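**Student:** Show me the folded form of this:
(one chain, ligands or ions: 1)
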Amino acid sequence: MAFVAAPLITPHAATSRSSSSSLFGHRVTPRVVRQTRSVVRASASNGAADAITPEEGPKKRILVLGGDGFCGWPTSLYLSELGHNVIIVDNLSRRKIDLELECDSLTPIQSMTQRVSAWRGVSGQDMRFVMLDVAREYDRLLDLIVREKPDSIIHFAEQRAAPYSMKGSRQKRYTVNNNVCGTHNVLAAVVESGLDVHIVHLGTMGVYGYGTSGGEIPEGYIDVILPGGRQSTILHPAYPGSVYHATKCLDQTLFQFYQKNDALRITDLHQGIVWGTNTDQTLKDERLINRFDYDSDYGTVLNRFLMQSALDVPLTVYGTGGQTRAFIHIKDTARCISIAIANPPKSGAQVEIFNQIAETHRVRDLANLIAKKTGAQIKNISNPRNESAENELEVANRKFLNLGLEPTLLEEGLLDEVTTVAAKYKDRCDKSKILPNSFWNKARRRECEEFGLSASDLGAYSMAEEEAMLLSLSKGNVETMQKLRKVLESTA
Ligand SMILES: NC(=O)c1ccc[n+]([C@@H]2O[C@H](COP(=O)([O-])OP(=O)(O)OC[C@H]3O[C@@H](n4cnc5c(N)ncnc54)[C@H](O)[C@@H]3O)[C@@H](O)[C@H]2O)c1
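**Tutor:** Numbers count the residues shown, from 1 in each chain. The predicted structure follows:
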């Protein structure tokens with residue numbers, strides 16, 4: 001549809017826009033958007049009557065898809081501690097990708113059996129684990145939904161690393177197949193089950209693109225004037241920066257369709273980059289420890305910087321470090337999800353979209369913050385990503401603030417927890433995994449190579465290279481090689 005999206009200033013758009021902002025093209029200063037914090041118990045915008053805190057809300061049966069992951073595990077524990085009946089569903093594909101990348105969580109995470117039994121011992125709460133591939137085992141997923149009759153499904157179960165999604169055509173195809181089929185299976189299964197299940201999906205701020213809005217990014221929707229002067233409310237234009245981000249844009253379109261066609265109740269959380277490692281629940285027992293990714297594919301920028309400072313090597317900033325991104329602490333991820341679950345949209349209401357972020361920061365400011373704290377050096381290197389060198393980012397997050405979120409901010413003192421984790425487990429770190437080895441396109445790769453960075457053997461490799469890698473990993477043992485190939489194929 002070709003239209004000129006001239007924004008109207010309405011509650012959908014932004015109530016505190018800079019006077020100079022228009023939808024596209026103007027720049028605003030990045031800042032934390034917390035100005036309406038005083039309105040703590042306003043009603044949600046989703047047709048729900050009054051905001052309900054997670055503690056007050058009814059106890060629910062909840063399926064957590066992707067509950068073995070970085071966000072899913074602590075969220076499952078948090079919900080379980082609140083008294084909800086939690087069933088974790090995961091196909092352990094993230095752990096298989098660790099094998100493929102020859103890298104591991106910095107923290108020694110335990111098997112799902114040990115995790116669940118440790119939580120049972122610590123909390124007395126019964127939490128179950130079902131190993132199931134959401135993207136490929138539709139019948140089992142449907143059967144589980146029909147059998148367990150969940151009130152809510154939280155959908156974390158996607159391949160979530162932008163660099164991994166750009167590594168090569170195998171990883172691009174895997175990311176699209178896994179993420180889009182998985183999301184569609186969840187939607188189709190809920191419709192087929194005939195149950196009224198609230199779906200809460202983890203999306204990303206990256207669906208909006210970075211530096212394209214020209215003003216405050218609203219929470220999902222914008223009011224526009226279409227050609228002919230017609231007023232309409234549409235999703236904010238999608239502007240993905242990687243194959244991974246593109247899958248989240250496709251997810252959004254599926255949500256719009258299933259809400260319109262089947263009146264499904266859906267909440268899409270456009271989350272910023274998550275930092276931090278542990279939560280009050282994961283700290284209760286060493287066996288409950290959360291994962292910490294520091295490698296260039298899965299490690300988010302802050303974790304990579306902290307790892308580098310713990311290892312006493314320079315913090316590597318991509319390009320000028322002028323990229324501005326949104327951040328949220330892992331404890332707030334769990335809190336936001338519990339708020340979303342307590343406040344579902346009414347049947348028939350539009351897809352609810354929240355911007356799940358606490359604050360925005362420029363990458364070079366983050367590097368300076370850590371350098372100041374730890375005395376680390378900073379080194380600017382060529383950017384493996386195809387992205388704007390500098391961007392501004394102002395994001396509305398009033399909905400969660402109005403529902404009672406009090407975000408943890410990334411002040412110097414709050415970095416202590418992650419710094420301690422990075423220092424404690426630094427002997428488990430493989431330094432060679434921190435520098436980039438996934439490149440957005442040939443030009444970025446060439447520029448990085450000219451700069452002196454070279455893709456490792458696990459970069460964008462060909463079939464022949466993949467065979468050679470399997471041969472070397474299995475030391476020529478045919479049986480081991482077949483097992484490794486199966487692992488690779490199961491993520492393809
Ligand atoms: N970590 C972040 O900074 C961040 C930021 C914004 C959005 N998100 C979103 O939050 C969600 C969770 O992110 P995360 O950091 O916990 O990622 P993660 O990779 O640590 O966890 C994802 C989990 O889903 C599982 N999974 C993947 N595909 C599956 C499938 N087909 N069937 C069953 N299980 C499957 C994986 O095994 C893994 O345990 C993702 O959807 C991600 O896009 C994360």
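
**Student:** what about the longest helix in the protein?
**Tutor:** Counting by DSSP state H, the longest helix found in the chain is helix 169-193.

**Student:** Could you list every helix and strand in contact with whichever helix or strand comes after that one?
**Tutor:** Scanning forward in sequence from helix 169-193 by DSSP states H and E, the next helix or strand is strand 198-204. Here strand 198-204 touches strand 152-155, helix 169-193, helix 243-262, strand 265-271, helix 330-342, going by 3 or more Cβ pairs under 8 Å, 6 or more residues apart in numbering; DSSP states H and E. Just so you know, the C-beta spots here come from the backbone N, C-alpha and C atoms, and that holds for glycine as well.

**Student:** Following the chain onward from the shortest one, which element is next?
**Tutor:** Spelled out, it's strand 152-155. Scanning forward in sequence from strand 152-155 by DSSP H and E, the next helix or strand is helix 162-165.

**Student:** Could you do the last one as well?
**Tutor:** Under the assignment DSSP H and E, the closest C-terminal helix or strand after helix 330-342 is strand 352-356.

**Student:** Check the secondary structure at the single nearest residue of the chain relative to the ligand for me.
**Tutor:** Residue nearest to the ligand within the chain (Cβ to the nearest ligand atom): Gly69, separated by 1.9 Å. At Gly69 the chain is in coil, as set by DSSP: H, G, I helix; E, B strand; the rest coil.

**Student:** which bits of this protein sit near the ligand?
**Tutor:** Residues of the chain lying close to the ligand (Cβ under 6 Å from any ligand atom) are 66, 68-72, 90-94, 133-135, 156-160, 178, 182, 202, 204, 271, 273-274, 300.

**Student:** which sections of the chain are below the confidence cut-off?
**Tutor:** 1-49, 212, 412-414, 454-470, 487-492 (pLDDT under 70).

**Student:** let's go with 50 and repeat that
**Tutor:** By pLDDT under 50, the low-scoring segments of the chain are 1-44, 47-48, 457-462, 491-492.

**Student:** wait, the residue of the chain closest to the ligand sits on Asn290?
**Tutor:** No: Gly69 lies out of contact with Asn290 (Cβ atoms under 8 Å); the separation is 9.4 Å.

**Student:** What is the linear distance spanned by stretch 340-355 between its boundary residues?
**Tutor:** Chord length of stretch 340-355, first to last residue, is 12 Å (Cα to Cα, to the nearest Å).

**Student:** let me redo that: stretch 420-429
**Tutor:** End-to-end distance for stretch 420-429: 14 Å, by Cα to Cα.

**Student:** so how far is it from its chain's centroid?
**Tutor:** 23 Å (Cα atoms, centre = their mean, to the nearest Å).

**Student:** Check stretch 443-456 too.
**Tutor:** Distance, centroid of stretch 443-456 to centroid of chain: 27 Å (Cα atoms, centre = their mean).

**Student:** Please provide the alpha-carbon coordinates for that stretch, formatted as PDB.
**Tutor:** Taking C-alpha atoms only, stretch 443-456 is exported to PDB below (Å, rounded to 0.1, in the frame of the first residue of the first chain):
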ATOM      1  CA  ALA A 443      31.300  -5.200   1.700                       C
ATOM      2  CA  ARG A 444      31.200  -5.200   5.500                       C
ATOM      3  CA  ARG A 445      33.200  -8.400   5.600                       C
ATOM      4  CA  ARG A 446      35.800  -7.100   3.200                       C
ATOM      5  CA  GLU A 447      36.200  -3.800   5.200                       C
ATOM      6  CA  CYS A 448      36.500  -5.700   8.400                       C
ATOM      7  CA  GLU A 449      39.100  -8.100   6.900                       C
ATOM      8  CA  GLU A 450      41.100  -5.100   5.500                       C
ATOM      9  CA  PHE A 451      40.900  -3.600   9.000                       C
ATOM     10  CA  GLY A 452      42.600  -6.800  10.300                       C
ATOM     11  CA  LEU A 453      39.600  -8.700  11.600                       C
ATOM     12  CA  SER A 454      39.200 -12.100  10.000                       C
ATOM     13  CA  ALA A 455      36.200 -14.400  10.000                       C
ATOM     14  CA  SER A 456      36.900 -17.600  11.900                       C
END
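
**Student:** Can you pull out the residues in contact with that stretch?
**Tutor:** 381-386, 432, 435-439, 459-460 (Cβ atoms under 8 Å, 6 or more residues apart in numbering).

**Student:** Run through the residues that contact Gln171.
**Tutor:** Tyr164, Ser165.

**Student:** and it, how far is that from Tyr239?
**Tutor:** The gap separating Gln171 from Tyr239 is 21 Å, by Cβ to Cβ, to the nearest Å.

**Student:** just Ala342 next, same as before
**Tutor:** Distance from Ala342 to Tyr239, by Cβ to Cβ: 31 Å.

**Student:** neighbour count winner among those two?
**Tutor:** Ala342 (22 against 16; other Cβ atoms under 10 Å).

**Student:** pretty sure the more buried one is touching Asp50, no?
**Tutor:** No: counting by Cβ under 8 Å, Asp50 is not a contact partner of Ala342; they are 10.9 Å apart.

**Student:** returning to what we had before: write a PyMOL command that selects only the buried members of the contacts of stretch 443-456.
**Tutor:** Buried members of these, defined by 16 or more other Cβ atoms under 10 Å, are picked up in PyMOL with:
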select buried, resi 381+382+383+384+385+435+436+437+438+439+460
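
**Student:** Now for the contacts of stretch 443-456: which two are most distant?
**Tutor:** Using Cβ to Cβ, the contacts of stretch 443-456 span at most 23.9 Å, a distance reached by Asn386 and Ser432.
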